[in-house]
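Student: mind looking at a prediction? Sequence and model below.
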Amino acid sequence: MKILVCISHVPDTTSKINFTEGDTKFDTNGVQFVINPNDEFGLTRAMWFKEKQGAQVTVINVGGPETEPTLRKALAIGADGAIRVNTPATDGFSVAKQLAHVAKDGGYDLVIAGRESIDYNGGMVPGMIAGLTNANFVNNCINLEIEGNAATAIREIDGGKETLSTSLPLVIGGQKGLVEESDLRIPNMRGIMMARQKPLTVLDPVDSANETASVKFEKPAAKGAVKLVAPDNLDELVSLLHNEAKVI
Amino acid sequence: MSVLVYTESDQGKFKKVAFEVASYAKAVADQLGTTVTAITINATNISELGNYGVDKVLNVSNPQLDVFNAKGYAEAIQQAAEKEAAKVIIVSSSANSKYLAPLLAVGLNAGYASNVIEAPSSTEPFTVKRTAFTNKAFEMTAINTDTKIVGVSNNSFGLVEKSGSASAEDFSPSISDLAVKVESVDKASNQVSIADAEIVVSGGRGLKGPENWGMIEELASVLGAATACSKPVSDLGWRPHSEHVGQTGKPVASNLYIAIGISGAIQHLAGINASKVKVVINTDPEAPFFKAADYGVVGDAFTVVPQLIEKLKAFKAQQ
């Protein structure tokens, strides 16, 4: 089984978010970049398929050379090879077209992507890859088993979950649950050394127009001070929620 | 050229988000000087949509679509868009709509903007405001394609009632063989889901252990709320993952969010920031949550929460 794991290069979850150039660009100054958490759950599940079922795992990112340390980290975790499509990741649809092209060209059986990146939160790349490559698709995937050509997946739905059966080729939009937080791997020294020897192929992008464009960013307005209510005066809290906030 | 909106139903009944996206579609149609067509799949009471600005309903009745299937539903909506020559398609941010929207975007070669919170600020170029960086920022996004898909964030635009009526027409799209099959569904029917809840009551590590969740559940039941938890609580296995809210968990956009024993890490606050009113109950007055909340109680959850339950019961009894 050939698995392609899509890796988005995103600001660490604790990052303060700022913008530059008249609020049109994300300010990367002082920001630590990591593997998108939803992608990391998928990568870790892919490692399980590699170790238990002999899958071959390639990681891929669409972006400039600055994203390579994130791909190297994925190689250190255990991926066999990496691909970087050399073009800035500007909108979800065009990123999906780049990824779909590689997925199809490389004959991958399973494409694992995160349900969304934690920076732009588009939530469209996995579904679009499936649509573009005519593969089956499971979003919000919290469990995946593959047996030969058959796949069983669990999808989180609003208020519960459902079990789905389908077949390869398959694309999933993964999230926590594919593996547990405690299953995530921190690269060890041997992994980091080996990662240096593994292939990182840089591909030229295929032609693709941008379907959407980021025009400007805004930060939420500063919040007013909290109204404190004494713990022995909860009638006041009930009254504030009813009369002032009008939420109960 | 009408605006097409997919109005979701569950067991035939419209979900609240169906009326919210219909209200949004009406606002867009007014800006474009056109009408609103809704597509419903196995829904009953379709006349309700007229109260939210829908002019015409394409009503699909197809047993093949009794259970949600992203590909099948996307095919139906795509054919409705083509029939109506719709250039703007509106969907919600439910798990199902977010599942089908990218497939629909590929089918229609349409640009798609998700998590949109306001009516377009301009229709030429077509520009919408959406949340990004998990509610830490807003992004103005222009959709440049001929056909556009807008995913409206839950509980952002609200319901706008109109006095009107919708005409109904049966619509029979052709659906291909569906290669993803639902084998079983595990859904608590008597509980409010976090996605649909108006009020969410959430517990953190300050509650010291899963055995103390009784009061969280009781508070939620008094308020008709959904229960949620912070990331450490789900990682420790005190509560199921499905309750984890925050940056890597579920987003919350309720009217009221009550955080109990949650310090308010930046990742947690990002995930719940779209909630309109936030209340924090915590022993530590320095907890970061107090900076993000509207109302706060500095006190021990084990004494405050049981008292609050009694006060709310008395309040509800009066109403």
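Tutor: Thanks, I have it. Numbers count the residues shown, from 1 in each chain, chains lettered A, B, ... in the order given.

Student: can you tell me, leaving aside adjacent residues, what's nearest to the residue most central in space within chain A?
Tutor: Residue closest to the average C-alpha location in chain A (Cα atoms, centre = their mean): residue A:114, at 3.3 Å. Once flanking residues are discounted, residue A:114 sits nearest to residue A:38: 2.7 Å by Cβ to Cβ, 6 or more residues apart in numbering or on different chains. C-betas here are computed from N, CA, C, even on glycine.

Student: do you know how far that neighbour is from residue A:138?
Tutor: Using Cβ to Cβ, to the nearest Å, residue A:38 is found at 14 Å from residue A:138.

Student: residues that sit against both of these two, list them.
Tutor: Here residue A:38 and residue A:138 have residue A:173 as joint contacts, going by Cβ atoms under 8 Å, 6 or more residues apart in numbering or on different chains.

Student: verify the stated contact: residue B:186 with residue A:160.
Tutor: Yes - using Cβ atoms under 8 Å, residue B:186 is in contact with residue A:160, at 5.2 Å.

Student: ok, these two, which is more surrounded?
Tutor: residue A:160 (16 against 11; other Cβ atoms under 10 Å in any protein chain shown).

Student: residues contacting the more buried one?
Tutor: Neighbour list for residue A:160: B:185, B:186, B:187, B:188, B:193, B:242 [criterion: Cβ under 8 Å, 6+ apart].

Student: which of those residues count as buried?
Tutor: For the contacts of residue A:160, a burial check counting by 16 or more other Cβ atoms under 10 Å in any protein chain shown picks out B:193, B:242.

Student: nearest to residue B:32, of the contacts of residue A:160?
Tutor: residue B:193 (33.2 Å; Cβ to Cβ).

Student: and the gap between the closest one and chain A?
Tutor: 3 Å (Cβ to the nearest Cβ, to the nearest Å).

Student: surely that residue is in a strand?
Tutor: No - with DSSP: H, G, I helix; E, B strand; the rest coil as the criterion, residue B:193 is assigned coil and is not in a strand.

Student: need the contact list for it.
Tutor: Here residue B:193 is in contact with A:158, A:159, A:160, B:226 (Cβ under 8 Å, 6+ apart).

Student: show me what the third one bridges to in the sheet.
Tutor: If I follow you right, that is residue A:160. Per DSSP bridges, the residues bridged to residue A:160 are residue A:157, residue B:187.

Student: quick check: residue B:31 is in a strand.
Tutor: No - the assignment for residue B:31 is helix, going by three-state DSSP, so no strand is present there.

Student: what's the burial count for the nearest residue to it once chain neighbours are set aside?
Tutor: Nearest non-adjacent residue to residue B:31, counting by Cβ to Cβ, 6+ apart: residue B:123, 5.3 Å away. Residues within reach of residue B:123, counting by other Cβ under 10 Å, total 15.

Student: where does the stretch 51-200 of chain B dip in pLDDT?
Tutor: Judged against pLDDT under 70, the stretch 51-200 of chain B has no low-scoring part.

Student: please enumerate the helices of chain B.
Tutor: Using DSSP state H, the helices found in chain B span residues B:16-32, B:70-84, B:95-108, B:214-223, B:231-235, B:266-272, B:289-292, B:301-318.

Student: tell me which of these sits most buried.
Tutor: Stretch with highest mean neighbour count among the helices of chain B: helix B:95-108 (a mean of 25; mean count of other Cβ atoms under 10 Å in any protein chain shown).

Student: okay, that one in CSV with CA atoms only?
Tutor: Output in CSV follows, covering the C-alpha atoms of helix B:95-108 (Å, rounded to 0.1, in the frame of the first residue of the first chain):
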residue,chain,number,x,y,z
ALA,B,95,-20.2,18.3,9.9
ASN,B,96,-22.2,17.1,6.9
SER,B,97,-22.1,20.3,5.0
LYS,B,98,-18.4,20.7,5.5
TYR,B,99,-18.0,17.1,4.3
LEU,B,100,-19.9,17.7,1.0
ALA,B,101,-18.9,21.3,0.2
PRO,B,102,-15.3,20.5,-1.2
LEU,B,103,-16.8,17.8,-3.4
LEU,B,104,-19.4,20.2,-4.7
ALA,B,105,-16.7,22.8,-5.3
VAL,B,106,-14.8,20.4,-7.5
GLY,B,107,-18.0,19.4,-9.3
LEU,B,108,-18.9,23.0,-10.1
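
Student: quick one: is that helix near chain A?
Tutor: Yes - Helix B:95-108 is in contact with chain A by Cβ under 8 Å from any Cβ of the partner chain, via B:95, B:96, B:98, B:99, B:100, B:101, B:102, B:103, B:105, B:106, B:107.

Student: strands along the stretch 51-200 of chain B, start to end?
Tutor: B:56-60, B:88-91, B:111-116, B:122-123, B:126-132, B:137-143, B:148-152, B:167-170, B:181-187, B:199-203 (DSSP state E, counting those that start in this stretch).

Student: and residue A:215, which of those is closest to it?
Tutor: Residue A:215 lies closest, by Cβ to Cβ, to one member of these: strand B:137-143, at 4.2 Å.

Student: what pairs with the closest one, parallel or antiparallel?
Tutor: strand A:212-218 (antiparallel), strand B:126-132 (antiparallel).

Student: how long is stretch B:272-289 end to end?
Tutor: Between the opening and closing residues of stretch B:272-289 lies a distance of 11 Å (Cα to Cα, to the nearest Å).

Student: I'd like the average pLDDT over it.
Tutor: The pLDDT scores in stretch B:272-289 average 96.

Student: again with stretch A:212-224
Tutor: Mean predicted lDDT for stretch A:212-224 stands at 92.

Student: buried sites along that stretch?
Tutor: Those would be A:212, A:214, A:215, A:217, for stretch A:212-224 by 16+ other Cβ under 10 Å.

Student: so the second one sits against residue B:139, correct?
Tutor: To tie it back to what came earlier, the one meant is residue A:214. Yes - contact criterion Cβ under 8 Å: residue A:214 and residue B:139 qualify, at 5.7 Å.

Student: can you give me the buried ones in the biggest helix by length in chain A?
Tutor: In terms of residue count, the longest helix belonging to chain A (DSSP H) is helix A:37-53. Of the residues in helix A:37-53, A:37-47, A:49-50 count as buried by neighbour count, 16+ other Cβ under 10 Å.

Student: in stretch A:105-121, what counts as buried?
Tutor: So, applying 16+ other Cβ under 10 Å, buried residues of stretch A:105-121: A:108-121.

Student: now residue A:151. Its backbone dihedrals?
Tutor: Per-residue torsions, residue A:151: phi -130, psi 140 (degrees, to the nearest 10).

Student: need the contact list for it.
Tutor: Here residue A:151 is in contact with A:110, A:136, A:138, A:144, A:145, A:165, A:166, A:167, A:168, A:170 (Cβ under 8 Å, 6+ apart).

Student: the nearest residue in space to residue A:198 that is not next to it in sequence: what secondary structure?
Tutor: Among residues not flanking residue A:198 along the chain, residue A:75 sits closest, at 4.7 Å (Cβ to Cβ, 6+ apart). Put simply, residue A:75 is helix when judged by three-state DSSP.

Student: what's around residue A:194, how many residues?
Tutor: There are 14 residues near residue A:194, going by other Cβ under 10 Å.

Student: quick one: contacts for residue 48?
Tutor: Looking at chain A here, since you left the chain open. For residue A:48, the contact set (Cβ under 8 Å, 6+ apart) comprises residue A:179.

Student: try again with chain B
Tutor: B:14, B:19.
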